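Q: predicted model, plus sequence, below.
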Amino acid sequence: MRHASDGQILAYLDDELGSAQRSEVAVHLSACGTCVANLKQYEAISAEFREALSWLDVEVPLTAAQQRFAAARRVEKAEPGATVAPLRPARVLHGFGRSGLLKAAALAALLAGAASAAIPGSPVREWVEAALGLATVDVPVVEPVQTPAQPTPPAVAPATQEPVPDVLSRVPPERNRVEVKLREVEGLVVVRYVQEPGAAIRSANVDANHFSSPGVIEAGRLGSGDVYVDIQANVLEARVEVNGELYLLKRGDNTQTFAPIQERTSTRFSFPPRS
Amino acid sequence: MDYDALFKRLYPTLYRYLYRLTGDADVAEDVAQEAFVRLLRQTLPEEEIRPWLYTVAMNLVRDTARRAERRHRLVAGVPLPLPMAGPAPDEQVERSEQIAAVRVVLDQMSERDRHLLLMREEGFRYEEIATAVGVAPASVGTLIARALKKFAQLYKTAGVAAGEEADETRE
């Protein structure tokens, strides 16, 4: 046998050769110092690569990922084949000073928000006015529960530990927003939405820190209190999560809940306190 | 299928693979999550699930390459995060230099070479690697050998550069 090729030596190292070829290489190695040296070189580089990679090891965010996967499964179960955007774990950001990147992102969001708020009639201006109580915003009137064209809900299993997805609600075309009230919520509320601007978080709790980036609004360190989430009806997709748990999903004109709900109309959803 | 058990077993290694590949924890989380969500719509034999997840994840990384590149540029001026907390300042400096050196070397390698080496480290068989990367199974050994040599060469250079930089800082 001629010298073993680099590919053969690697395959020999990785136990990827068939038995006949492995024997052939083994016999050759027993008599060829050049190939043994080559083999040792690849062993050393492999070890060096392994050691180098160990520098990159990080803690895997498994618990948060499991929660998000469970939420995604519930959505998938309720709406098979739906495109489910990845839900990154909501991060509680403890201020703007963590990194230059955060500062830059926060500054960019602030500038963009300020610019949008300066435009009369812009949705951002509408949020700001609503948040400040300047109130030229139309506040939807509470309506009796609407049941237009809702299919008969499929039979669902009796209550279990896992919240059973609620039936879909259809947002009437004349309504321009969906309102979500989260009662006595603590921790972190995250709204993720596609097509901006589209959502806002309001909280009476002065300790709440609000952060926004394109498509994401977070309200962290809420303490305890009611939180209101407003989602404009033309938002393509929006999710409301509390501490990583999916509470409400709005996709197109359909809105679906995934946590026990206290009161609801087709455009207003009120979730009770959760322990 | 017991998705909870499957997720618990496979997510950590997939996340680690993606983090090593991209150097971006957000991308690693998003892509790993999306790959598992897509798995929900598949009916696969048990033994095919792991390679399928990695192949999908690999394609998702490619799809988000432009965004990832932008992130890399944004992150370029920011000190690299220290994965493990706790070491003393001197050790932290050394650690961050090591991390930077590894990251630079991986970033200098081609996407295919990174996949080849990282999938090998995850214990995939050559046939699985070949399918995921899109090469002939018979060529995998040769390609990995070349990629390893390239890594060694680049790592040596990066290590020397990092060492010199550290010496200058200490002086």
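A: Yep, that arrived. Numbering: from 1, shown residues only, chains lettered A, B, ... in the order given.

Q: how many other residues sit next to residue B:41?
A: Residue B:41 has 11 neighbours, counted by other Cβ atoms under 10 Å in any protein chain shown. C-betas here are computed from N, CA, C, even on glycine.

Q: same deal with residue B:46?
A: 8.

Q: quick one: contacts for it?
A: Residues counted as contacts of residue B:46 (Cβ atoms under 8 Å, 6 or more residues apart in numbering or on different chains): none.

Q: check what pLDDT it gets.
A: Predicted confidence (pLDDT) for residue B:46: 88.

Q: ok, now residue B:96?
A: On the pLDDT scale, residue B:96 gets 82.

Q: please give the element, helix or strand, for it.
A: According to DSSP states H and E, residue B:96 maps onto helix B:89-108.

Q: contacts for the very next helix or strand once past that helix, please.
A: Downstream of helix B:89-108, the next assigned helix or strand under DSSP H and E is helix B:111-121. Helix B:111-121 has contacts (Cβ under 8 Å, 6+ apart) with A:14, A:49-50, A:53, B:17, B:20-21, B:54, B:58, B:62, B:106, B:109, B:128-129, B:132-133, B:135, B:140, B:143-144, B:146-148, B:150-151.

Q: so of these, which ones are in strands?
A: Secondary structure from DSSP state E places none of the contacts of helix B:111-121 in strands.

Q: residue A:75 contacts residue A:246, correct?
A: Yes: the pair residue A:75 / residue A:246 is scored as a contact, 6.9 Å apart, by Cβ atoms under 8 Å.

Q: about what we covered before: say whether chain A is contacted by the helix holding residue B:96.
A: Yes: using Cβ under 8 Å from any Cβ of the partner chain, we find that helix B:89-108 touches chain A at B:95, B:98-99, B:101-103, B:105.

Q: which pair in these has the greatest spatial separation?
A: B:95 and B:105 (16.0 Å; Cβ to Cβ).

Q: the inter-axis angle of the helix ranked longest in chain A versus helix B:111-121?
A: Secondary structure of chain A per DSSP state H: the longest helix is helix A:33-54. Counting by axes from the mean of the first three to the mean of the last three Cα atoms, to 10 degrees, helix A:33-54 points 90 degrees away from the direction of helix B:111-121.

Q: CA-only coordinates of the very next helix or strand once past helix A:33-54 in PDB, if you can.
A: Toward the C-terminus, helix A:33-54 is succeeded by helix A:62-78 as the next helix or strand (DSSP H and E). C-alpha atoms of helix A:62-78 as PDB (Å, rounded to 0.1, in the frame of the first residue of the first chain):
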ATOM      1  CA  LEU A  62     -32.600  25.500  28.400                       C
ATOM      2  CA  THR A  63     -35.400  26.400  30.800                       C
ATOM      3  CA  ALA A  64     -36.500  29.500  28.900                       C
ATOM      4  CA  ALA A  65     -36.200  27.600  25.600                       C
ATOM      5  CA  GLN A  66     -38.400  24.800  27.000                       C
ATOM      6  CA  GLN A  67     -41.100  27.300  27.900                       C
ATOM      7  CA  ARG A  68     -41.000  28.900  24.500                       C
ATOM      8  CA  PHE A  69     -41.100  25.500  22.800                       C
ATOM      9  CA  ALA A  70     -44.100  24.500  24.900                       C
ATOM     10  CA  ALA A  71     -45.900  27.800  23.900                       C
ATOM     11  CA  ALA A  72     -45.000  27.200  20.300                       C
ATOM     12  CA  ARG A  73     -46.400  23.600  20.500                       C
ATOM     13  CA  ARG A  74     -49.600  25.000  21.800                       C
ATOM     14  CA  VAL A  75     -49.800  27.400  18.900                       C
ATOM     15  CA  GLU A  76     -48.900  24.700  16.400                       C
ATOM     16  CA  LYS A  77     -51.500  22.300  17.900                       C
ATOM     17  CA  ALA A  78     -54.200  25.000  17.600                       C
END
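
Q: which strands and helices lie in contact with helix A:62-78?
A: For helix A:62-78, the packing partners by 3 or more Cβ pairs under 8 Å, 6 or more residues apart in numbering or on different chains; DSSP states H and E come out as strand A:245-251, helix B:3-22, helix B:25-39.

Q: near chain A at all, the last one?
A: Translated: helix B:25-39. Yes: residues of helix B:25-39 are located near chain A by Cβ under 8 Å from any Cβ, namely B:25-26, B:29-34, B:36-37.

Q: which one of residue A:75 and residue A:246 is surrounded by more residues?
A: Between residue A:75 and residue A:246, residue A:246 has the larger neighbour count (other Cβ under 10 Å), namely 25 against 21.

Q: mind giving me the domain ranges of chain B?
A: B:1-78, B:81-171 (automatic domain parsing).

Q: which helices and strands does the helix holding residue B:96 pack with?
A: Helices and strands touching helix B:89-108, as assessed by 3+ Cβ pairs under 8 Å, 6+ apart, comprise helix A:33-54, helix B:140-170.

Q: make CSV out of the helices and strands packed on helix A:62-78 and add mean pLDDT.
A: Converted to CSV, those look like this (pLDDT from 0 to 100):
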stretch, mean pLDDT
strand A:245-251, 86
helix B:3-22, 93
helix B:25-39, 89
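
Q: for chain A, which residue gets nearest to chain B?
A: Residue nearest to chain B within chain A (Cβ to the nearest Cβ): residue A:7, separated by 3.3 Å.

Q: I'd like to know which helix or strand in chain B has the lowest mean pLDDT.
A: One helix or strand of chain B scores below all others by mean pLDDT, DSSP states H and E: helix B:65-75, with a mean of 45.

Q: wait, chain A
A: Result, chain A / mean pLDDT, DSSP H and E: helix A:123-132, a mean of 45.

Q: pLDDT on stretch A:191-203, on average?
A: In the prediction, stretch A:191-203 has an average pLDDT of 61.

Q: test my guess that residue A:46 contacts residue A:9.
A: No: the pair residue A:46 / residue A:9 is not scored as a contact, 11.1 Å apart, by Cβ under 8 Å.
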